[in-house]
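>>> Sequence and predicted structure below; questions after.
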Amino acid sequence: MTTTITVTGMTCGHCENAVRSEISALPGVTDVAVDLATGAVTITSDTDLDQAALREAVDEAGYAIA
């Protein structure tokens, strides 16, 4: 399954890595691609993502889902 979200507040490579790291730790996630310029984060997973857990992971990284 592929899910695309928009994350606000990312401004640099460190931001990108923080978001990728937190989302990658979620159960079932197999790949995370971050487009810093647009804020688009594409997540590939084996199962449906828990939206609350996804929001919490982005929040833990210090950012927000638009």
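Looks like it arrived, so ask away. Numbers count the residues shown, from 1 in each chain.
>>> where exactly do the strands run in the chain?
For the chain, the strands defined by DSSP state E occupy 2-8, 29-35, 40-45, 64-65.
>>> Ranking the ones you listed by mean neighbour count, which comes first?
strand 40-45 (a mean of 18; mean count of other Cβ atoms under 10 Å). C-beta: built from backbone N, CA, C; applies to glycine.
>>> Could you export that strand as PDB, CA atoms only?
This file holds the C-alpha atoms of strand 40-45, laid out as PDB (Å, rounded to 0.1, in the frame of the first residue of the first chain):
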ATOM      1  CA  ALA A  40       5.300  15.300   0.300                       C
ATOM      2  CA  VAL A  41       6.100  12.100   2.100                       C
ATOM      3  CA  THR A  42       5.300   8.900   0.300                       C
ATOM      4  CA  ILE A  43       5.000   5.800   2.600                       C
ATOM      5  CA  THR A  44       5.000   2.300   1.300                       C
ATOM      6  CA  SER A  45       3.700  -0.300   3.800                       C
END
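>>> For beta bridges, what are the partners of the closest residue to Ala33 other than its chain neighbours?
Among residues not flanking Ala33 along the chain, Thr42 sits closest, at 4.5 Å (Cβ to Cβ, 6 or more residues apart in numbering). Counting by DSSP bridges, Thr42 is bridged to Thr4, Ala33.
>>> Next up, the contacts around Thr42.
The contact partners of Thr42, by Cβ atoms under 8 Å, 6 or more residues apart in numbering, come to 2-4, 32-33, 35.
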